[in-house]
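Undergrad: fold the stuff below for me.
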Amino acid sequence: MKSTTGRQEAISAVINYKPLVNAIDLEGETSRSLYGTNVFNDTVMRQLLSRPIYKAMRRTIERGERMDDSVAEAVASAMKVWALEKGATHFTHVFYPLTSLTAEKHDSFFEPDGLGGTIASFSGSALIQGEPDASSFPSGGIRSTFEARGYTAWDVTSPAYIYENPNGNTLCIPTAFLSWTGEALDHKTPLLRSMQALNLQAQRILKAFGHDDPGMVTATAGPEQEYFLIDRNFFFARPDLLNAGRTLFGAKPPKGQEFEDHYFGAIPERVLAFMMEAEHEFYKQGIPIKTRHNEVAPGQFEIAPVYESANLAHDHQHIIMLTLQRMATKYGMACLLHEKPFAGINGSGKHVNWSLGCNLGNLLDPGDNPHDNAQFLIFCAATIRAVHKYSTLLRTSVASAGNDHRLGANEAPPAIISVFLGEQLEDVFNQLKIGEASSSKPSGTLTIGVDTLPHLPRHAGDRNRTSPFAFTGNRFEFRAVGSNQSIAWPLVVMNCIVAESLDYIATRIETDMSGDPDKLNTAVQNVLQEIACEHSAVVFGGNGYSDEWHAEAEKRGLPNLRNTLDAMPALVTPENIAVLGKYNVLSEREVLSRYDILLEKYCRDINTEGLLALEIAKTKILPAALAYQAQLATLAVNLVGLGKTPNTAMLDKVIELTDSLETGIHALEHALEHEGDDDLLTHALSYRDSVLPAMSQVRIAVDILEGIVSDELWPLPTYQEMLFIK
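TA: Below you'll find the model as predicted:
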């Protein structure tokens with residue numbers, strides 16, 4: 001029987017795939033020579049700006065000094081010349097609204113000159129400030145629909161860059177996005193505020209240790225990005241992937257990831273070509289991409305940059321996500337950034353490596369003997385205290401409908417926030433509980449037992465992939481961040497809570513020292529011992545996936561906020577609102593707006609998925625099941641006509657499952673009829689407690705039917721096809 005669905009055609013198109021593009025012609029250029037060529041970076045500024053203007057720019061970038069109008073005019077003039085030479089015809093203020101996507105409005109450089117021609121124009125005011133319509137972006141009640149004015153403000157700490165297109169280039173200027181009343185409508189503004197707060201408190205610690213001019217202390221980040229690639233023919237044959245980013249139906253394939261043969265395996269040729277071209281684009285943008293590899297699940301991959309300033313890492317992360325999706329299209333694939341595109345298959349995260357740096361180096365580098373490095377121990381202890389004290393706020397920073405499918409499973413960190421330190425560092429903190437740390441466990445070497453292979457130095461601690469917040473040598477890795485979310489919100493929270501801890505510690509040390517530098521060691525020892533004793537409950541080095549840990553965490557008083565709606569109320573507790581407002585990072589009104597926006601997004605995500613599940617079940621799955629039921633019934637009738645007794649077991653099973661599917665459809669329709677007249681949390685709870693279970697019931701019937709209904713009738717590409725046909 002000839003298929004009447006698009007599934008077989010999609011399979012055929014994938015099997016007969018021919019490259020859509022030729023190999024990249026770099027014209028003799030190497031990746032090294034490409035690096036930063038499309039960025040208005042320090043090298044370009046040195047060349048194009050006068051010495052006084054350049055120095056003023058560096059003071060603004062490095063010390064946060066305010067820029068005067070004359071400097072802005074000079075920079076705008078130089079930037080215009082540079083952009084025009086790069087083929088740019090337009091400029092845009094790129095900003096990051098609370099949709100977690102990028103936004104931009106393009107303006108031409110060219111204006112009529114009054115003589116029948118044009119002149120290229122770009123002023124300092126156009127560089128510094130833009131005015132996009134703010135009424136259609138999420139504001140959580142901060143702005144009414146009729147209050148449309150919003151401003152974009154140039155972020156000098158994130159360099160402008162050129163976005164290339166075959167038909168012309170655009171100058172992109174990273175900006176903050178604020179309302180007419182000055183409140184943050186974006187991710188960048190609170191991130192910059194949090195970095196400023198962190199610097200101020202860290203400077204107090206460094207001053208106590210005798211550093212008079214350590215330079216600005218900068219939060220750094222290196223976000224690893226996991227993603228899936230599938231052929232676009234499959235993508236467009238799956239309405240759920242197209243509209244929701246994840247499959248709402250799909251039976252477990254005969255082979256999944258249990259063979260562990262994909263992880264770090266040879267990268268498929270088509271995928272490697274895609275990766276290489278994407279990396280060339282990243283190099284042009286000055287994005288320090290370091291690694292690429294196959295991830296655990298079939299069809300899953302990872303890309304990771306070296307860490308850099310957290311603000312720049314945030315901007316680069318948006319470029320990475322956009323470029324991966326754009327480049328995948330060029331190679332006939334779709335890049336899936338959802339946390340859980342395929343049920344029962346490893347989900348995707350975005351591990352954010354976070355640290356602190358200044359002219360002194362990495363402040364979270366323990367050196368060879370951590371117990372002797374009091375300064376390191378102070379910054380490490382501040383982080384431990386922050387995570388323990390504000391674990392619920394940290395948990396809300398990664399809460400989303402998508403991440404709910406991932407967190408807590410045997411593939412991702414548990415929803416219980418804990419800190420992994422490693423054997424050596426945990427031993428040091430255990431010593432601090434009872435007094436001064438006097439030793440560190442040696443790291444040693446690994447003896448391999450093969451004479452031709454060298455002895456390898458062993459790190460001071462193993463890695464723990466089940467920990468949501470793990471120390472990994474000279475940084476902390478926050479592993480619970482979702483693969484498609486902006487890293488700004490988790491970074492804001494980390495910066496804020498660590499700033500509060502540094503503030504607390506600095507005040508304790510300053511009080512105990514009373515201006516006498518000889519009292520530093522005693523003051524440091526006292527506060528370290530206090531933190532080691534009061535906050536050790538959050539330190540855990542075991543298996544975070546185990547049931548035993550859940551029981552142990554409860555004994556320790558660690559919250560287990562299993563899903564988004566368990567976590568979200570914690571965002572608006574007085575303590576969490578206070579820590580976000582203490583350093584003017586987010587006002588109470590701004591926090592409440594984000595609470596509303598996150599709940600609204602949760603409702604919209606589940607509502608979209610529910611409507612999609614309903615549509616697919618009614619228009620694709622049910623007709624296929626009924627058609628197969630009719631085939632089996634016709635066969636049974638024909639056999640009876642021949643005087644034979646048919647075996648109707650299969651027909652009975654299909655009838656039973658079809659009835660179950662129809663019942664599930666009616667239940668889902670009823671669940672989706674809920675009106676949102678209640679408060680947002682109550683409305684969201686109805687989606688979690690009514691719509692999601694109804695969707696699950698429909699899926700159970702559909703996934704069983706997939707394994708029974710004739711292959712020629714089944715309308716959707718299966719997991720087996722999407723993950724393994726390349």
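Undergrad: quick check: buried residues in the one helix or strand residue 494 maps to?
TA: Using DSSP states H and E, residue 494 sits within helix 488-513. Of the residues in helix 488-513, those buried under the neighbour-count criterion (16 or more other Cβ atoms under 10 Å) are 488-506, 508-509, 512-513. Backbone N, C-alpha and C define where each C-beta goes, glycine included.
Undergrad: same for it, what does it pack against?
TA: With contacts defined as 3 or more Cβ pairs under 8 Å, 6 or more residues apart in numbering; DSSP states H and E, the packing partners of helix 488-513 are helix 188-208, strand 218-223, helix 310-330, strand 352-358, helix 374-389, helix 391-396, helix 520-534, helix 574-581.
Undergrad: quick check: angle from that helix to strand 352-358?
TA: For helix 488-513 against strand 352-358, the angle between stretch directions is 40 degrees (axes from the mean of the first three to the mean of the last three Cα atoms, to 10 degrees).
Undergrad: I'd like the average pLDDT over helix 488-513.
TA: Within the predicted structure, the mean pLDDT of helix 488-513 is 97.
Undergrad: quick one, it and helix 374-389 angle?
TA: Interaxial angle, helix 488-513 versus helix 374-389 (the same axes, to 10 degrees): 120 degrees.
Undergrad: was I right about residue 397 contacting residue 496?
TA: No: if you go by Cβ atoms under 8 Å, residue 397 and residue 496 don't touch, sitting 10.0 Å apart.
Undergrad: between these two, which contacts overlap?
TA: Taking Cβ atoms under 8 Å, 6 or more residues apart in numbering as the criterion, residue 397 and residue 496 do not both touch any residue.
Undergrad: for residue 688, which non-adjacent residue is closest in space?
TA: Spatial nearest neighbour of residue 688, chain neighbours left out: residue 565 (5.3 Å); criterion: Cβ to Cβ, 6 or more residues apart in numbering.
Undergrad: that neighbour against residue 684, yeah?
TA: Yes: A contact is recorded between residue 565 and residue 684 when judged using Cβ under 8 Å, the distance being 5.6 Å.
Undergrad: the more surrounded of these two?
TA: Ranked by neighbour count (other Cβ atoms under 10 Å), residue 565 and residue 684 place residue 684 first, with 23 against 19.
Undergrad: A strand includes the more buried one, no?
TA: No: the assignment for residue 684 (DSSP: H, G, I helix; E, B strand; the rest coil) gives helix, which keeps it out of a strand.
Undergrad: tell me who's in contact with it.
TA: Contacts of residue 684 were listed using Cβ under 8 Å, 6+ apart, and they are 565, 568, 599, 602, 603.
Undergrad: mind checking pLDDT for it?
TA: pLDDT at residue 684 comes out at 95.
Undergrad: cool, residue 28 as well?
TA: Per-residue confidence at residue 28 stands at 56 (pLDDT).
Undergrad: with residue 542 instead?
TA: Looking at residue 542, its pLDDT reads 90.
Undergrad: I'd assumed residue 549 was in contact with it.
TA: Yes: taking contact to mean Cβ under 8 Å, the distance of 6.2 Å between residue 542 and residue 549 places them in contact.
Undergrad: more crowded one of those two?
TA: Each of residue 542 and residue 549 has its neighbours counted (other Cβ under 10 Å); residue 549 has more, 20 against 14.
Undergrad: okay, now the unreliable bits of the stretch 151-300 of the chain?
TA: Low-confidence segments of the stretch 151-300 of the chain, defined by pLDDT under 70, span residues 258-259.
Undergrad: show me where it has its helices.
TA: For the stretch 151-300 of the chain, applying DSSP state H, counting those that start in this stretch gives helices covering 188-208, 232-236, 239-244, 269-284.
Undergrad: could you give the angle of the helix or strand encompassing residue 594 to helix 188-208?
TA: Under the criterion DSSP H and E, the helix or strand holding residue 594 is helix 588-616. Going by the same axes, to 10 degrees, helix 588-616 is angled at 130 degrees with respect to helix 188-208.
Undergrad: buried sites along helix 588-616?
TA: Counting neighbours by 16+ other Cβ under 10 Å, one finds that the buried residues in helix 588-616 are 590-603, 605-607, 609-614, 616.
Undergrad: just stretch 206-222 next, same as before
TA: The neighbour-count criterion (16+ other Cβ under 10 Å) identifies 206, 208, 214, 216, 217, 218, 219, 220, 221, 222 as the buried residues of stretch 206-222.
Undergrad: just give me the closest of those to residue 128.
TA: residue 216 (21.7 Å; Cβ to Cβ).
Undergrad: for the closest one, phi and psi?
TA: Geometry field for residue 216 lists phi and psi as phi -60, psi 130, criterion degrees, to the nearest 10.
Undergrad: need the contact list for it.
TA: Residue 216 is in contact with 62, 63, 64, 199, 358, counting by Cβ under 8 Å, 6+ apart.
Undergrad: which of those residues are buried?
TA: Buried among the contacts of residue 216 by 16+ other Cβ under 10 Å: 199, 358.
Undergrad: would a markdown table of the contacts of residue 216 with distance to residue 101 be doable?
TA: A markdown table is the format used below for the contacts of residue 216 (distance: Cβ to Cβ, whole Å):
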| residue | distance to residue 101 |
| --- | --- |
| 62 | 30 |
| 63 | 32 |
| 64 | 28 |
| 199 | 28 |
| 358 | 32 |
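Undergrad: residue 80: neighbouring residues, count only.
TA: Quick note: residue 80 (other Cβ under 10 Å) scores 20 neighbours.
Undergrad: can I take it that it is in a helix?
TA: Yes: when the secondary structure is assigned by three-state DSSP, residue 80 falls within a helix.
Undergrad: now do it against residue 117, distance only.
TA: Computed as Cβ to Cβ, to the nearest Å, the residue 80 to residue 117 distance reads 17 Å.
Undergrad: which of the contacts of residue 684 sits closest to residue 427?
TA: Using Cβ to Cβ, residue 568 is the member of those that lies nearest residue 427, at 37.2 Å.
Undergrad: most remote residue from the protein's center?
TA: No residue in the chain sits farther from the centre than residue 643, which is 64.6 Å out by Cα atoms, centre = their mean.
Undergrad: need the contact list for that residue.
TA: Residue 643 neighbours (Cβ under 8 Å, 6+ apart): none.
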